[in-house]
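Novice: Fold the following and give me the result.
(chains A, B, C and D)
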There are 2 protein chains.
Amino acid sequence: MVDRRDLTARAVIRDEALRLFAEHGPDAVTIRQIAAAAGVSAGLVVHHFGSKRGLRDAVDAHVGGVFDALFDAFETDDPDALRRLLAGRGGGSLAETLVAGLPPGSPVPAYLRRVLLAGDQAGTRLFRRWYAASQRITATLVAAGVMRPGEDPAVRAAFLMANDLAVLLLRDQLADVLGADPLSAEGLARWFAEALAAYRDGVLTVDEA
Amino acid sequence: MVDRRDLTARAVIRDEALRLFAEHGPDAVTIRQIAAAAGVSAGLVVHHFGSKRGLRDAVDAHVGGVFDALFDAFETDDPDALRRLLAGRGGGSLAETLVAGLPPGSPVPAYLRRVLLAGDQAGTRLFRRWYAASQRITATLVAAGVMRPGEDPAVRAAFLMANDLAVLLLRDQLADVLGADPLSAEGLARWFAEALAAYRDGVLTVDEA
DNA sequence: TGGCGAACTGAACGAATGTTCAGTAAGGTG
DNA sequence: CACCTTACTGAACATTCGTTCAGTTCGCCA
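Specialist: Model prediction:
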């Protein structure tokens, strides 16, 4: 955690709002709760962000910056550079790379879950960018001969991306049934080792046609 | 849609609450909105369900019944019966079977998304039942020689299940980027054809070791 | 028919929420 | 020093929410 004294009150409010929004949902968190968590008055929150909606937008923009940095790093057509980026721990996915670049306990994954499931415009925009990156990555890997193209490339890219996001969206429930946080270092390794095996060797043994 | 005149006012309130909860989230929907949608007074809602929390619990129990019926149908160790259940349209998954058994425009998928996101006990219980069904199904298919066991069976069952749920959780965003609702008949066929191909033939063409 | 209970309404209440506002402290600039 | 902008507080306001409650309608049964 960053030393709070190094941050302006505005940044402290934004960070506490992000944490509380991610944990309970924006609707369930009041301005007074955010102010108390940041150690300021409720009036100051409105002073800095205009309204609760303005605070939400500021948090969205702040989180959006994190993802922009992630996607920018993948803006390459060089298959070798791409594989170097993806080969963090053997598996390789956007979600894995994102989590690896976040401090442990970061509220960003939980907030991402809220944004995607809220169905508002911020979630749509983020998803579109993520999908565009997935399409470019799969196309590059196919061109490099590492990945099979598939019958329907648009759906295949979406399929791989949705599977990748699933571990983020279902983190808490997966931790419950598996007994370990899938976003921890060991959990990620376990998860993506199985994913890699499934994608490399297949899962079914017979042709069902 | 069921003819509203065949339902008691209590059932109408419950169904409208389910629809509004699924669309906007329980916190964003007021008792007065539900009452107006059901054509009754706000007092009657409280009269029948005690409180808003009681109404939420009633909706949870009602939706839970839908899933109980689904899971009960899969309570079999006979691989042939299992494959007959799963082979609805060539692909075969719990989510696909669930959606196929729901009327078009049903609020249940969206409500499922809310329940899993909320992280409360109702979501945990539902997820555990779904996971138990997934484990039993994969074990049966492995025993029948249809499915490869994998290194880590617990994670493999969770991986397949999470991928299956992803299309439900990301329905709106996938519809946006793909241009068609993945839960429609054509969308399901397109999605699960690609999933089947990926699981049968694999996605990667080289060994990355 | 008379009465009892369930269904139902509409007004009202208290609590909580987002927002407004007057006022204070501080820090930089002419 | 005087002045202005900015950061910040605490009280207050209007609205909306879940909930309560007295009273009304209506169907069933003795």
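
Novice: Can you name the secondary structure element that comes next after the lowest-mean-pLDDT helix or strand in chain A?
Specialist: Using mean pLDDT, DSSP states H and E, helix A:79-86 stands out as the lowest-scoring helix or strand of chain A, at a mean of 69. The helix or strand immediately downstream of helix A:79-86 is helix A:94-100, counting by DSSP states H and E.

Novice: start to end distance for stretch A:161-176?
Specialist: 23 Å (C-alpha to C-alpha, to the nearest Å).

Novice: And for stretch A:148-159?
Specialist: By C-alpha to C-alpha, the extent of stretch A:148-159 from end to end equals 14 Å.

Novice: ok, residues contacting that stretch?
Specialist: Applying C-beta atoms under 8 Å, 6 or more residues apart in numbering or on different chains, the contact partners of stretch A:148-159 are A:131, A:134-135, A:138-139, A:142, B:163, B:174, B:177-178, B:190-191, B:193-195, B:197-198, B:201-205. In short, each C-beta sits where N, CA and C put it, glycine included.

Novice: In chain A, mark out all the helices, start to finish.
Specialist: Assigned helices in chain A, in chain order: A:9-24, A:31-38, A:42-49, A:52-73, A:79-86, A:94-100, A:108-118, A:121-143, A:153-169, A:171-178, A:185-201 (criterion: DSSP state H).

Novice: Does chain B have contacts with the longest one?
Specialist: Yes - with C-beta under 8 Å from any C-beta of the partner chain as the criterion, chain B is reached by helix A:121-143 at A:123-124, A:127-128, A:131.

Novice: Show the buried residues in those.
Specialist: A:123-124, A:127, A:131 (16 or more other C-beta atoms under 10 Å in any protein chain shown).

Novice: So which residues on chain A come close to DNA strand C?
Specialist: Near DNA strand C, the residues belonging to chain A are A:29-32, A:42-43, A:46-47, A:51-53 when assessed by C-beta under 7 Å from any atom of the strand.

Novice: cutoff 10 Å now
Specialist: Within chain A, the positions adjacent to DNA strand C are A:26-35, A:41-47, A:49-56 by C-beta under 10 Å from any atom of the strand.

Novice: and chain B, which of the residues you listed contact it?
Specialist: Restricting those to those near chain B by C-beta under 8 Å from any C-beta leaves A:27-28.

Novice: For chain A, what lies in contact range of DNA strand D?
Specialist: A:8-13, A:31-32, A:35, A:38-48.

Novice: one step back: turn the buried ones among the residues of helix A:121-143 next to chain B into JSON lines, including distance to residue A:186 and pLDDT.
Specialist: What follows is these, written out as JSON lines (distance: C-beta to C-beta, whole Å; pLDDT from 0 to 100):
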{"residue": "A:123", "distance to residue A:186": "30", "pLDDT": "92"}
{"residue": "A:124", "distance to residue A:186": "34", "pLDDT": "94"}
{"residue": "A:127", "distance to residue A:186": "29", "pLDDT": "96"}
{"residue": "A:131", "distance to residue A:186": "29", "pLDDT": "96"}
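
Novice: For DNA strand D, what is the nearest residue in chain A?
Specialist: Nearest residue of chain A to DNA strand D, counting by C-beta to the nearest atom of the strand: residue A:43, 2.5 Å away.

Novice: ok, that residue to residue A:167 distance?
Specialist: To residue A:167, residue A:43 is 41 Å away according to C-beta to C-beta, to the nearest Å.

Novice: So for the two, which residue has more residues nearby?
Specialist: Higher neighbour count among residue A:43 and residue A:167: residue A:167, with 26 against 10, using other C-beta atoms under 10 Å in any protein chain shown.

Novice: so residue A:198 touches residue B:199, yeah?
Specialist: Yes - under the criterion of C-beta atoms under 8 Å, residue A:198 makes contact with residue B:199 at 7.2 Å.

Novice: In terms of neighbours, single out the busier of these two.
Specialist: Neighbours were counted for residue A:198 and for residue B:199 using other C-beta under 10 Å; residue A:198 has more, 23 against 20.

Novice: could you measure the residue nearest to the more buried one when sequence neighbours are not counted against residue A:165, distance?
Specialist: Excluding its sequence neighbours, the residue lying closest to residue A:198 (C-beta to C-beta, 6 or more residues apart in numbering or on different chains) is residue B:159, at 6.5 Å. Distance check for residue B:159 against residue A:165: by C-beta to C-beta, it reads 13 Å.

Novice: Residue A:59 now?
Specialist: Distance, residue A:59 to residue A:165, using C-beta to C-beta: 20 Å.

Novice: same check, this time on residue A:28
Specialist: Per C-beta to C-beta, residue A:28 is found 23 Å from residue A:165.

Novice: So for these two, which sits in the more crowded spot?
Specialist: The residue with more neighbours, out of residue A:28 and residue A:165, is residue A:165; 24 against 13, by other C-beta under 10 Å.

Novice: where in chain A is pLDDT low?
Specialist: Low-confidence segments of chain A (pLDDT under 70): A:1-6, A:77, A:79, A:82-92, A:206-209.

Novice: redo that, cut-off 80
Specialist: Along chain A, the model assigns pLDDT under 80 to residues A:1-7, A:75-92, A:206-209.

Novice: Residue A:78: neighbour count?
Specialist: Using other C-beta under 10 Å: residue A:78 sits among 11 other residues.

Novice: what's the answer for residue A:97, then?
Specialist: Neighbour count for residue A:97, taken as other C-beta under 10 Å: 19.

Novice: Same question for the one 4 residues further on.
Specialist: Each residue near residue A:101 was counted by other C-beta under 10 Å, and the total is 14.

Novice: just the residues of helix A:121-143 next to chain B now: which is nearest residue B:110?
Specialist: Using C-beta to C-beta, residue A:123 comes nearest to residue B:110 of these, at 14.1 Å.

Novice: Now for that closest one: which residues touch it?
Specialist: Counted by C-beta under 8 Å, 6+ apart, residue A:123 has contacts A:115-117, B:173.

Novice: Next one: it from residue A:111, what distance?
Specialist: Distance of residue A:123 to residue A:111, computed by C-beta to C-beta: 11 Å.
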